[in-house]
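Trainee: sequence first, predicted coordinates after that:
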Amino acid sequence: MQSFSSKKKVIEQKKMTLLERLYLPAIFQGLGITLKHFFKKKTTINYPEQKRSVAAAFRGLHVLKRDEKGAERCTACGLCAVACPAEAITMEAGERRAGEEHLYREEKYAIKYEINMLRCIFCGFCEDACPKDAIYLETTFAPANYDRNDFIYGKDRLVEGFKRDEIVPPVVRTLEEANL
Amino acid sequence: MDFQGFVITLISIITLFSITMFIALYSTFAERKVAAFMQDRRGPNRAGPGGIFQPLADGLKFFMKEEVIPVASNKFLFVLGPSIAIMSSLMTGVIIPWGGQLIVFGNTVSLQIVDLDIGILYVFAVLSVGVYGIMIGGWASNNKFSLMGAIRASSQIISYELSMGFSIVALLLVTGTMSLHEIVERQHGMNWNIFYQPLGFLIFLICAFAETNRTPFDLPECETELVGGYHTEYSSMKLGFYLFSEYINMFISSAVMVTLYFGGYNFPFMDQLLHATGSQNLVTIVGTILLFAKVFFFIFFFMWVRWTIPRFRYDQLMNLGWKGLIPLSIVWLMLTAAGVLFFKS
Ligand code: SF4
Ligand code: SF4
């Protein structure tokens, strides 16, 4: 039949020669190859003790940044959640009260900010979307865990240098209310 | 049998049993390490220094697993299968001469537990019982994959036992005895049978791979076609028994190969060593150590081949067995017979 593309290839099944049918030469050749690999340097690294160096642009775990005065930059605009293709981010906005200026830079801030690390695909779109330079992806990995719920990272694990008592201002809010 | 002899035999059987189990246990570890190394990986290295406790962890895991006996299976036979498999593989060890004579407190102790004058036949008889373990287990599971695995195992072993038998007969023509002890004694020093029977050894080796169900002949448990083969339905320690019996078989086959073709506990310059030191015990111990070194090499070889060669197709296996090895072994048998006739007369 005429071939309509130039990709046609005639494959012929040759009869094996006697030497090939004996299998043994090929087997010994194979044994030689595996033996060579036996003494080769191993490519595996012992992960938790040894870590592979990553590129500077590596996208790992997120961090919510603070500004130079130590106030949280995030203003709970939700643009990161909109940009997120995996829908991994949820947040709840709250209004800054008097006396909290040193904690939150903007008048509106995130009471609750959660990223589900099992959903996240570490694309970095949230980083790009953020108008306040609040969220960045760093070069650390999400560690393994025994519980799926533990992969939902709240503010306690996202905010840079987070301190628990800092978030409970003298006003009223308890930690439960703040729903961290 | 007098009481002393009884105690000595008992002790040696228990020792052999523990050594066999220990070697089988660590073969599993070695296999994983060898596999890893050949694939440029590191293998298990978490349990203990360098992963040395990995087999214990594996064993513990086997014990902790749930025992599932399928409802549709024949319960008695289902349990009998792995028992036969492991029993038959443990039984062969007793007739292997693990060393020469040891003199302990004036008693001469032979490192061979029983010296049957039909040693080789015993090995064959017990090895063939082993396939019943696979057959029964596969059939009793009432699962088509298991049954296919079992059928493959039995037909494979029947096919390869023939050429293995022929290669042994050729060896017997040269040695003139069936007792393993005498066969080893005849290979004193460097007078090993491999030099008289190179082709016979090759045939024996190939058949040993088939008999122990190792790659490239591991069709009875070929995962890609048969899920798990004859042990698809098995779980927990019963599966452990099957896997263990495979490793014990590997160990015993290596030992038989070394005994028959590589001089057993004989090593070059053993007479000189005996002469120089005058200590029979020393020679025996060195011999035993070397025997184990040779055995370990063959165990390594089994693994080496496993991680090198892909599995044969079933028709290739049968072709190789019936059209390749059997005629070849018959020709070799006749050549050996002619040679023996020529040189002896
Ligand atoms: S990195 Fe991508 S997937 Fe992960 S939270 Fe940000 S936008 Fe969503
Ligand atoms: S992290 Fe940035 S984009 Fe996301 S809510 Fe906060 S300010 Fe908006």
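Mentor: Happy to help now that I have it. Source: prediction; values computed, not measured. Numbering: from 1, shown residues only, chains lettered A, B, ... in the order given. Ligands and ions are numbered 1, 2, ... in the order given.
Trainee: what about chain B, any weak spots by pLDDT?
Mentor: B:1, B:106-107, B:109 (pLDDT under 70).
Trainee: show me the helices in it, by range?
Mentor: Along chain B, counting by DSSP state H, helices occupy B:3-38, B:54-64, B:75-91, B:119-140, B:144-175, B:180-186, B:198-211, B:223-226, B:236-261, B:270-277, B:280-306, B:314-318, B:326-344.
Trainee: closest to ligand 1 out of those?
Mentor: Checking the helices of chain B against ligand 1 by CB to the nearest ligand atom gives helix B:3-38 as the closest, at 34.1 Å. Heads up, the C-betas are built off the backbone N, CA and C, glycines and all.
Trainee: about what we covered before: residue A:90 is nearest to which of the helices of chain B?
Mentor: With CB to CB as the criterion, residue A:90 lies closest to helix B:54-64 of those, at 39.6 Å.
Trainee: and among the helices of chain B, the most buried is which?
Mentor: helix B:236-261 (a mean of 24; mean count of other CB atoms under 10 Å in any protein chain shown).
Trainee: now do it against helix B:198-211, angle only.
Mentor: With axes from the mean of the first three to the mean of the last three CA atoms, to 10 degrees defining the directions, helix B:236-261 sits at 170 degrees from helix B:198-211.
Trainee: mind giving me the packing neighbours of helix B:236-261?
Mentor: In terms of contacts (3 or more CB pairs under 8 Å, 6 or more residues apart in numbering or on different chains; DSSP states H and E), helix B:236-261 is packed against helix B:3-38, helix B:54-64, helix B:75-91, helix B:119-140, helix B:144-175, helix B:180-186, helix B:198-211, helix B:280-306.
Trainee: could those helices go into JSON lines alongside distance to ligand 2?
Mentor: Output for the helices and strands packed on helix B:236-261, formatted as JSON lines (distance: least, CB to the nearest ligand atom, whole Å):
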{"stretch": "helix B:3-38", "distance to ligand 2": "44"}
{"stretch": "helix B:54-64", "distance to ligand 2": "45"}
{"stretch": "helix B:75-91", "distance to ligand 2": "60"}
{"stretch": "helix B:119-140", "distance to ligand 2": "60"}
{"stretch": "helix B:144-175", "distance to ligand 2": "54"}
{"stretch": "helix B:180-186", "distance to ligand 2": "78"}
{"stretch": "helix B:198-211", "distance to ligand 2": "63"}
{"stretch": "helix B:280-306", "distance to ligand 2": "54"}
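Trainee: compare those and give me the one nearest chain A.
Mentor: helix B:3-38 (4.5 Å; CB to the nearest CB).
Trainee: contacting residues for residue A:106?
Mentor: Contacts for residue A:106 (CB atoms under 8 Å, 6 or more residues apart in numbering or on different chains) come out as A:73, A:75, A:96, A:132.
Trainee: of all the helices and strands packed on helix B:236-261, which one is nearest residue B:273?
Mentor: For residue B:273, the closest of these is helix B:280-306, at 5.6 Å, according to CB to CB.
Trainee: pLDDT weak spots in chain A?
Mentor: Applying pLDDT under 70 to chain A picks out residues A:1, A:163-180.
Trainee: still on that earlier bit, show me the contacts of residue A:106 that map onto strands.
Mentor: Using DSSP state E, no member of the contacts of residue A:106 falls within strands.
Trainee: close to ligand 2, is the host helix or strand of residue A:81?
Mentor: Remark: residue A:81 resides in helix A:79-83, with elements defined by DSSP states H and E. Yes - for helix A:79-83 and ligand 2, the contact criterion (CB under 6 Å from any ligand atom) is met by A:79, A:80.
Trainee: which one of the helices of chain B lies nearest to residue A:20?
Mentor: Closest approach to residue A:20 among the helices of chain B is made by helix B:314-318 (12.6 Å; CB to CB).
Trainee: what lies in contact with that closest one?
Mentor: Residues from elsewhere that reach helix B:314-318, judged by CB under 8 Å, 6+ apart: B:152, B:155, B:156, B:159, B:210, B:217, B:219.
Trainee: leaving out chain neighbours, which residue sits closest to the last one?
Mentor: Think residue B:219. Leaving out its chain neighbours, the residue that sits closest to residue B:219 by CB to CB, 6 or more residues apart in numbering or on different chains is residue B:152, at 4.8 Å.
Trainee: show me what the helix holding residue A:81 is packed against.
Mentor: Helices and strands touching helix A:79-83, as assessed by 3+ CB pairs under 8 Å, 6+ apart, comprise strand A:89-95, helix A:125-129.
Trainee: which of the residues in the last one are buried?
Mentor: What that stands for is helix A:125-129. Residues of helix A:125-129 classed as buried by neighbour count (16 or more other CB atoms under 10 Å in any protein chain shown): A:125, A:126, A:127, A:129.
Trainee: and for the longest one?
Mentor: Buried residues in strand A:89-95, counted by 16+ other CB under 10 Å: A:89, A:91, A:94.
Trainee: any chance of the helices and strands packed on helix A:79-83 in JSON lines, with distance to ligand 1 too?
Mentor: What follows is the helices and strands packed on helix A:79-83, written out as JSON lines (distance: least, CB to the nearest ligand atom, whole Å):
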{"stretch": "strand A:89-95", "distance to ligand 1": "5"}
{"stretch": "helix A:125-129", "distance to ligand 1": "3"}
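Trainee: now distance to residue A:79 too, for the ones you listed, in TSV please.
Mentor: TSV is the format used below for the helices and strands packed on helix A:79-83 (distance: least, CB to CB, whole Å):
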stretch	distance to residue A:79
strand A:89-95	10
helix A:125-129	5
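Trainee: what residues sit buried inside the strand ranked longest in chain A?
Mentor: Ranked by number of residues, the top strand in chain A under DSSP E is strand A:108-116. For strand A:108-116, the neighbour count (16+ other CB under 10 Å) marks A:109, A:110, A:111, A:113, A:114, A:115, A:116 as buried.
Trainee: can you put the residues you listed in JSON lines and add distance to residue B:200?
Mentor: Output for the buried residues of strand A:108-116, formatted as JSON lines (distance: CB to CB, whole Å):
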{"residue": "A:109", "distance to residue B:200": "85"}
{"residue": "A:110", "distance to residue B:200": "80"}
{"residue": "A:111", "distance to residue B:200": "83"}
{"residue": "A:113", "distance to residue B:200": "76"}
{"residue": "A:114", "distance to residue B:200": "72"}
{"residue": "A:115", "distance to residue B:200": "69"}
{"residue": "A:116", "distance to residue B:200": "66"}
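Trainee: and of those residues, the nearest to residue B:192?
Mentor: Once CB to CB is applied, the member of the buried residues of strand A:108-116 that ends up nearest residue B:192 is residue A:116, at 67.3 Å.
Trainee: just the helices from chain A, written as ranges.
Mentor: Ranges of helices in chain A, per DSSP H, are A:18-21, A:24-38, A:79-83, A:125-129, A:155-158, A:164-167, A:175-178.
Trainee: about what we covered before: which positions within the helix holding residue A:81 qualify as buried?
Mentor: Across helix A:79-83, burial judged by 16+ other CB under 10 Å covers A:79, A:80, A:81, A:83.
Trainee: give me the angle between the longest strand of chain A and strand A:89-95.
Mentor: Going by the same axes, to 10 degrees, strand A:108-116 makes 160 degrees with strand A:89-95.
Trainee: now do strand A:108-116: everything it contacts.
Mentor: Contacts of strand A:108-116 (CB under 8 Å, 6+ apart): A:62, A:64, A:72, A:74-77, A:88-96, A:103, A:151-155, A:158-159, A:178-180.
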